[in-house]
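K.L.:
Got a predicted structure plus its sequence, pasted below:
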Amino acid sequence: MDDKSLETRLNNIQAALKQKGYRLTSSRQKIVQSLLSCGGHITADGLLEVIHETDKTVGRMTVYRTLELLSELGLIRPVYQGTGAAHYILLDGGHHHHLICSGCDAVIEFDECGLQDVGKLLAERFNFAIEGHLVEFYGRCHNCQ
Ligand SMILES: [Zn+2]
Ligand SMILES: [Zn+2]
Ligand SMILES: [Zn+2]
């Protein structure tokens, strides 16, 4: 990801926090920045390790609380696989898509999204205010077929 889109996304997240009455403290900023630059798909402890490579002042609880806050705001989403710790997926663009291979567990990201119509349909049918989606298709990758 280039610096510009990183900055734009950081600004958007900052705006979302501000709108809900939260400040982007320097610790929170560091956490969000690290999360964006590593692209998500990381556990809270994994993220803490990344942050501590450059800044040891950010505490474990702050990382946990910030991830919780960002989840509540719909900017990230915890994904639980098996019994391990949750991985956090970036959802600040409103949606996130995966192809997951059941053979080798490869995760392929894709951006093309034809799901806006389905979203509209579901929103109407269930009177549900949709804020985002994480879609995962399961199957076999090229190598595992
Ligand atoms: Zn595979
Ligand atoms: Zn992903
Ligand atoms: Zn989508």
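P.N.:
That came through fine. Residues are numbered from 1 along each chain as shown. Ligands and ions are numbered 1, 2, ... in the order given.

K.L.:
For the lengthiest helix in the chain, the averaged confidence score.
P.N.:
Of all segments of type helix in the chain, defined using DSSP state H, the longest is helix 3-19. Here helix 3-19 scores 89 as its mean pLDDT.

K.L.:
Show me the contact partners of it.
P.N.:
Contacts of helix 3-19 from elsewhere in the structure, counted by Cβ atoms under 8 Å, 6 or more residues apart in numbering, are 23-24, 28-29, 32-33, 36-37, 69-70, 73, 75, 92-93. C-betas here are computed from N, CA, C, even on glycine.

K.L.:
Give me the angle between the next helix or strand after it and helix 3-19.
P.N.:
Using DSSP states H and E, the helix or strand that follows helix 3-19 towards the C-terminus is helix 26-38. Per axes from the mean of the first three to the mean of the last three Cα atoms, to 10 degrees, the angle that helix 26-38 makes with helix 3-19 is 140 degrees.

K.L.:
Which residues does helix 26-38 contact?
P.N.:
Outside helix 26-38, the residues that touch it by Cβ under 8 Å, 6+ apart are 1, 6, 9-10, 13-14, 17, 22, 24, 42, 47, 50-51, 55, 57-59, 62-63, 66-67, 70, 76, 88, 90.

K.L.:
got the domain boundaries for the chain?
P.N.:
The chain breaks down by automatic domain parsing into domains covering 3-90, 95-144.

K.L.:
Strands along the chain, start to end?
P.N.:
Assigned by DSSP state E, the strands in the chain fall at 76-79, 87-90, 95-101, 107-109, 133-139.

K.L.:
Would you mind putting these into TSV with distance to ligand 1, mean pLDDT and mean neighbour count alongside?
P.N.:
Shown next, in TSV, are the strands of the chain (distance: least, Cβ to the ion, whole Å; pLDDT from 0 to 100; neighbours: other Cβ atoms under 10 Å):
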stretch	distance to ligand 1	mean pLDDT	mean neighbour count
strand 76-79	19	92	18
strand 87-90	19	94	19
strand 95-101	3	93	17
strand 107-109	9	91	12
strand 133-139	9	93	12
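
K.L.:
how about those in CSV, adding distance to Lys120?
P.N.:
Shown next, in CSV, are the strands of the chain (distance: least, Cβ to Cβ, whole Å):
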stretch, distance to Lys120
strand 76-79, 21
strand 87-90, 23
strand 95-101, 14
strand 107-109, 24
strand 133-139, 12
